[in-house]
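Q: Please work out how this folds:
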Amino acid sequence: MQAKKRYLLVSVGAGLLFLVYLWALFGNIWVVLTSPIFFFVQADSPQLHHQHTSPRERRAIRDNIYKNKRCRMETCFDFSRCQSGFRVYIYPPQRGDEISVTYQKILSSIEESRFHTRDPSRACLFVLAVDTLDRDQLSVQYVQNVRLRIQNLPTWNDGRNHLIFNLYSGTWPDYTEDLGFGVGQAMLAKASADVVNFRPTFDISIPLFSKDHPLKGGGIGYLTDAPPSRKYLLVFKGKRYLTGIGSETRNALYHIHNGDDVILLTTCKHGKDWEKHKDSRCDRDNEEYSKFDYQELLHNSSFCLVPRGRRLGSFRFLEALQAACIPVILSNGWEPPFSEVIEWRKAAIIGDERLLLQVPSITRSVGHDRILALRQQIQFLWDAYFSSVAKIVSTTLEIIQDRIDSHVSRNRLLWNSLPGGLYALPQYSADPTQFPFYYSILGKSPSQQFTALIHTVTPLQSQMSPVVKLIIAVAKSKFCAQIVVLWNCDKPLPPRNKWPSTSVPLTVIEGLTKTMSSRFFPHEVILTDAILSLDEDSVLSTNEVNDTFPRYTATNTPLSDIWITTTELLARYYHYLYTHYVPASLLTTVDHIANCEDILMNFLISTVTKQPPIKVTQKKQYKETLMMQGSKASRWADPDHFAQRQTCMNVFTHWLGYMPLVHSQMRLDPVLFRDQVSILRKKYRDIEKL
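A: The predicted structure is shown next:
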């Protein structure tokens, strides 16, 4: 009997110890789940901690998602494939492949980029033609048999040097990160990326965007008012999930909604069976929800709450960026988009889901100056990297390119300052001081000297030729460091003794292609930051050059005339950008029609700087002569010539997806021409000789 009692006591004790162990293991989760306010699970991997899977199943899911979880560029990427440059190859679609509108936008963005190649042997990176964006098995866009399709690809090689795009993963009710196939050693460009499974400097977190997100151009930002304060402090309007995994933050928003300056609205009215599951707050929430217009809230609030929904990412993120509404991100475990290069602390408030009640006081403590700075940074990021599918894809590819060419990769200043990393090509320089648009940030002044680049297409007949007069006049300028003559004439290059003697170095180079675009080629012989690009028939005096160049250095803005461009003064980098950023098809078009290269350069500079060039009109006498019917230069008076230039503008606008030219009423009228004023009153007296 005593032995039975002892055995019973031991069994009861062991049972109690086991219960204590279970309580210690699951106690924190239970306390969190039963708390009246903080309905938040642990932050290490929010999407996998739920009642539908066991610990063993969760480990199996993780193992299936990332069998190569330790992949990094140096271990799972073959750099030898990229020795001839960064080129991206898209597999040809197979018969029966159905591609969603969104994935077609991604593929089109790659095809139109300067990285695309149709030759797989030259490819550094491979992109699937199989649509992997929506891996929710309940979705109509879910593609079957992806595993079999990719394993049969001739260069799959366990995903090495492959990039896979994904917006939605997992399915009801768990919404894990399972894609339904093994990615192997492929990189993932993924929305709603979980920091636990995210492979730093290998995968890329991209934003969740809808099928309506534009391919090019993108919607404009809404930072139009200078005052930093808006009608509302903090807003949100979205779904509240009654069943299945979802953001418990949304179920607790009513605690801080005050109906005044904090407007946080949720609705249960979504899904087919919402009425079967509605709780006591649904009717009241639905009624309040219908009182406010979402767009009006977005555009009139300083802060926008961005809580996670079924997945970590949310459409609210991009909506807040476009509206210049500072995102307050409550999504524990979410890897923010492009966090490898973007400093989100300078553009958003990143909070903790478990501290929801502190959000109003945190936002109220942000000063007006800080609010304005955050909103300005938001608008820059929206325009630079998120406003279109093309920019999202380009940013993804540029980040990968920086990893491959790490010795010339862009630093964070280039990525987080206007105009952004997409326009600061690292092949030109990794030094921010080499880019004209960072001069003011770095306290650098433009060079006080320029190179005169003279585009010549007619033979050198005598010392009285217009190009000779131009060389002599420009060489006398105190700001001229060198003169480079670009010989694009079909006649042989004249000997050196046929050119005038000058006080500055004179170099004559023969164009390799003899095309219109060659005038903007970044010739190595040019040593100065500034280039004065001239046509051979430009009529300039030394005094005009001396008067104009200080204006350029003071404003660091291109000086040009878009319609009759015989003269352009701009930074050397724009020549490089014109040659290496503009699609080859556009350059071919310009060269074929021998026209519009000046318009294309103006489009490019306006796209980068968001500023207009300073228009400098022609001298009255020169303009009248130029436009005279019967003159050799009368093509400017030819209606067909201007119709051709209008067509060019339409083509260039289609390339960008919007019209980049900025309206401006500023114009600099020339004052250096003969008039009835006494010569004794004139500063530049030799103008009478023109």
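Q: contacting residues around residue 601?
A: 520, 560, 568, 570, 574, 578 (Cβ atoms under 8 Å, 6 or more residues apart in numbering). All C-beta spots, glycine's among them, are computed from the backbone N, C-alpha and C.
Q: Please look at the fifth one and residue 602 and confirm they touch.
A: No - with contacts defined as Cβ atoms under 8 Å, residue 574 does not count as touching residue 602, sitting 10.2 Å away.
Q: Out of the contacts of residue 601, the closest to residue 140 would be?
A: Closest to residue 140 out of these is residue 578 (44.5 Å), distances taken as Cβ to Cβ.
Q: Output the helix or strand that closest one falls within in CSV with nothing but the alpha carbons.
A: Assessed by DSSP states H and E, residue 578 sits inside helix 572-580. The C-alpha trace of helix 572-580 is given here as CSV (Å, rounded to 0.1, in the frame of the first residue of the first chain):
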residue,chain,number,x,y,z
ARG,A,572,30.2,66.9,-67.7
TYR,A,573,28.2,64.1,-65.9
TYR,A,574,25.1,64.8,-68.0
HIS,A,575,27.2,63.7,-71.1
TYR,A,576,27.9,60.4,-69.3
LEU,A,577,24.3,60.0,-68.3
TYR,A,578,23.0,60.8,-71.8
THR,A,579,25.3,58.1,-73.3
HIS,A,580,24.9,55.3,-70.7
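Q: From the contact counts, what lies against that helix?
A: strand 530-535, helix 597-609 (3 or more Cβ pairs under 8 Å, 6 or more residues apart in numbering; DSSP states H and E).
Q: how about these in CSV, adding mean pLDDT and distance to residue 218?
A: Formatted as CSV, these follow (pLDDT from 0 to 100; distance: least, Cβ to Cβ, whole Å):
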stretch, mean pLDDT, distance to residue 218
strand 530-535, 91, 31
helix 597-609, 90, 12
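Q: circling back to that earlier point, neighbour count winner among residue 574 and residue 602?
A: residue 602 (25 against 22; other Cβ atoms under 10 Å).
Q: My guess is that one contacts residue 662. True?
A: No - checked against Cβ under 8 Å, the pair residue 602 and residue 662 is beyond contact range at 10.2 Å.
Q: for residue 204, what are its contacts?
A: Applying Cβ under 8 Å, 6+ apart, the residues near residue 204 are 187, 188, 189, 190, 338, 340, 396, 399, 400.
Q: hang on, the earlier thing: residue 106: which of the helices and strands packed on helix 572-580 is closest?
A: helix 597-609 (21.6 Å).
Q: And the closest one, how far out from the chain middle?
A: The chain centre lies 17 Å from the centre of helix 597-609; the measure is Cα atoms, centre = their mean, to the nearest Å.
Q: Enumerate the positions of that helix that are buried.
A: Buried residues in helix 597-609, counted by 16 or more other Cβ atoms under 10 Å: 597-609.
Q: now swap in stretch 370-382 and tell me
A: Quick answer for stretch 370-382 (16+ other Cβ under 10 Å): 371, 372, 374, 375, 376, 377, 378, 379, 380, 381, 382.
Q: What are the phi and psi values at residue 455?
A: phi -90, psi 120 (degrees, to the nearest 10).
Q: Which residue is the nearest non-sequential neighbour of it?
A: With Cβ to Cβ, 6 or more residues apart in numbering as the criterion, residue 455 has its nearest non-adjacent residue at 4.4 Å, and that residue is residue 519.
Q: try residue 487
A: Residue 487 sits nearest to residue 510 (Cβ to Cβ, 6+ apart), 4.8 Å away.
Q: Name all residues that make contact with residue 496.
A: Here residue 496 is in contact with residue 508 (Cβ under 8 Å, 6+ apart).
Q: any idea how far it lies from residue 480?
A: According to Cβ to Cβ, to the nearest Å, residue 496 stands 19 Å off from residue 480.
Q: One more: residue 495?
A: Distance from residue 495 to residue 480, by Cβ to Cβ: 23 Å.
Q: before we move on, what about residue 89?
A: From residue 89 to residue 480 the distance is 47 Å (Cβ to Cβ).
Q: Ok, residue 602 next?
A: For residue 602 relative to residue 480 (Cβ to Cβ), the value is 24 Å.
Q: Could you list the single helix or strand in the chain with the lowest mean pLDDT?
A: Least confident helix or strand, the chain: helix 620-627 with a mean of 48, by mean pLDDT, DSSP states H and E.
Q: so where do the helices sit in the stretch 201-350 of the chain?
A: Taking DSSP state H, counting those that start in this stretch to define them, one finds helices in the stretch 201-350 of the chain at 248-251, 274-277, 282-289, 294-299, 316-322.
Q: Out of the ones you listed, which one sits most buried?
A: With neighbours defined as mean count of other Cβ atoms under 10 Å, the helices of the stretch 201-350 of the chain peak in mean count at helix 316-322, which reaches a mean of 23.
Q: Just checking the distance from it to the centre of its chain.
A: For helix 316-322, the distance to the chain centre is 15 Å (Cα atoms, centre = their mean).
Q: what about it, average pLDDT?
A: Averaged across helix 316-322, pLDDT comes to 96.
Q: packing partners for that helix?
A: Secondary elements touching helix 316-322 (3+ Cβ pairs under 8 Å, 6+ apart): strand 301-307, strand 326-330, helix 368-381.
Q: what comes into contact with that helix?
A: 207-209, 213, 219, 221-222, 236, 238, 298, 304-307, 326-327, 329, 337, 378-379, 381-382, 386-387.
Q: Whichever of those residues end up buried, select them in ChimeraX.
A: Restricted to buried positions by 16+ other Cβ under 10 Å, the ChimeraX selection for the contacts of helix 316-322 reads:
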select :207,208,209,213,221,222,236,238,298,304,305,306,307,326,327,329,337,378,379,381,382,386,387
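Q: Rounded mean pLDDT for stretch 387-406, please.
A: Stretch 387-406 comes out at a mean pLDDT of 95.
Q: again with stretch 276-283
A: Stretch 276-283 comes out at a mean pLDDT of 84.
Q: and that stretch, how far out from the chain's middle?
A: 42 Å.
Q: before we move on, what about stretch 423-436?
A: 16 Å.
Q: what's the span of it, first residue to last?
A: 11 Å (Cα to Cα, to the nearest Å).
Q: okay, the helices of the stretch 201-350 of the chain in CSV with distance to residue 139 next?
A: Shown next, in CSV, are the helices of the stretch 201-350 of the chain (distance: least, Cβ to Cβ, whole Å):
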stretch, distance to residue 139
helix 248-251, 22
helix 274-277, 19
helix 282-289, 26
helix 294-299, 24
helix 316-322, 20
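Q: And the ones you listed: which comes nearest residue 411?
A: helix 316-322 (22.9 Å).
Q: Pass me the low-pLDDT residue ranges in the protein, would you?
A: 1-67, 224-228, 551, 553-566, 614-638, 665-690 (pLDDT under 70).
Q: can you list the domain ranges for it.
A: With domains defined by the TED database, the chain comprises 58-205, 232-387, 450-627+637-668.
Q: Contacts only, for the nearest residue to residue 173 once chain neighbours are set aside.
A: Among residues not flanking residue 173 along the chain, residue 244 sits closest, at 4.1 Å (Cβ to Cβ, 6+ apart). Shown in contact with residue 244 (Cβ under 8 Å, 6+ apart): 172, 173, 175, 310.
Q: farthest-separated two in the residues you listed?
A: Among the contacts of residue 244, 173 and 310 lie farthest apart (Cβ to Cβ), at 9.5 Å.
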